[in-house]
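Structure, please.
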Amino acid sequence: MMTNKIEMAAESDNQAIQAAREQINQLDQGIVDLLKQRFQTSALIGQIKEKTHLQVLDSDREKRVLDQVAQLDSDPGTRKYLQKIFQEILKNSRDYQHELMQNEETK
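Residues are numbered from 1 along each chain as shown. A predicted model of the protein is given here:
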């Protein structure tokens with residue numbers, strides 16, 4: 001009898017994990033879609049910067065973005081992790097802008 005309760009609990013836990021993973025998969029799709037849009041917009045900004053001879057790195061703007069991320073997250077426990085993620089997003093956006101500029105130069 002005890003084994004059946006344990007097996008049922010384990011099966012229920014597995015179903016809960018599977019449902020949560022499905023939710024994460026859906027969230028990941030939304031994140032990817034939003035990041036793609038962000039990269040497209042970043043590419044546009046890179047084109048404008050190149051045309052107006054501005055540097056790709058705008059430290060003041062990046063600081064404002066990270067401050068905004070901190071303000072948008074009401075949970076102090078996750079705030080620093082979101083800022084770390086956004087630091088990587090910003091770095092990758094800069095790298096993408098540089099790559100696009102280099103590709104334009106080689107055309």
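
distance of T106 from Y81?
The gap separating T106 from Y81 is 38 Å, by C-beta to C-beta, to the nearest Å. All C-beta spots, glycine's among them, are computed from the backbone N, C-alpha and C.

for L35, same thing?
17 Å.

Just want to know which of the two has more residues nearby.
L35 (14 against 11; other C-beta atoms under 10 Å).

gap between the more buried one and L72?
For L35, the distance to L72 - C-beta to C-beta - is 16 Å.

which residues in this protein form helices?
With DSSP state H, the ranges of helices along the chain come out as 2-51, 59-72, 76-105.

Least reliable of those by average pLDDT, please.
Mean pLDDT per stretch puts helix 2-51 lowest among the helices of the chain, at a mean of 90.

Which strands or helices does that one pack on?
Other elements packing on helix 2-51 under the criterion 3 or more C-beta pairs under 8 Å, 6 or more residues apart in numbering; DSSP states H and E are helix 76-105.

I'd like the distance from the helix it packs on to the chain centre, please.
9 Å (C-alpha atoms, centre = their mean, to the nearest Å).

Now it: buried residues?
Across helix 76-105, burial judged by 16 or more other C-beta atoms under 10 Å covers 83, 86, 89-90, 93-94, 96-97, 100.

which of those lies closest to I45?
Q97 (7.2 Å; C-beta to C-beta).

So what's the residue count around the nearest residue to the closest one once chain neighbours are set aside?
In this structure, Q97 finds its nearest non-sequential neighbour in G46, 3.4 Å apart by C-beta to C-beta, 6 or more residues apart in numbering. Neighbourhood size, G46 [other C-beta under 10 Å]: 21.

and G46, what does it touch?
By C-beta atoms under 8 Å, 6 or more residues apart in numbering, G46 lies in contact with 56, 96-97, 100-101.

what does A43 give?
So A43 contacts 96-97, 100 (C-beta under 8 Å, 6+ apart).

Could you measure from the residue nearest to F86 when sequence neighbours are not counted over to Y81?
Of all residues not flanking F86 in the chain, V69 sits nearest, at 4.9 Å (C-beta to C-beta, 6+ apart). Going from V69 to Y81 by C-beta to C-beta gives 10 Å.

Over to G46?
Taken as C-beta to C-beta, the span from G46 to Y81 is 27 Å.
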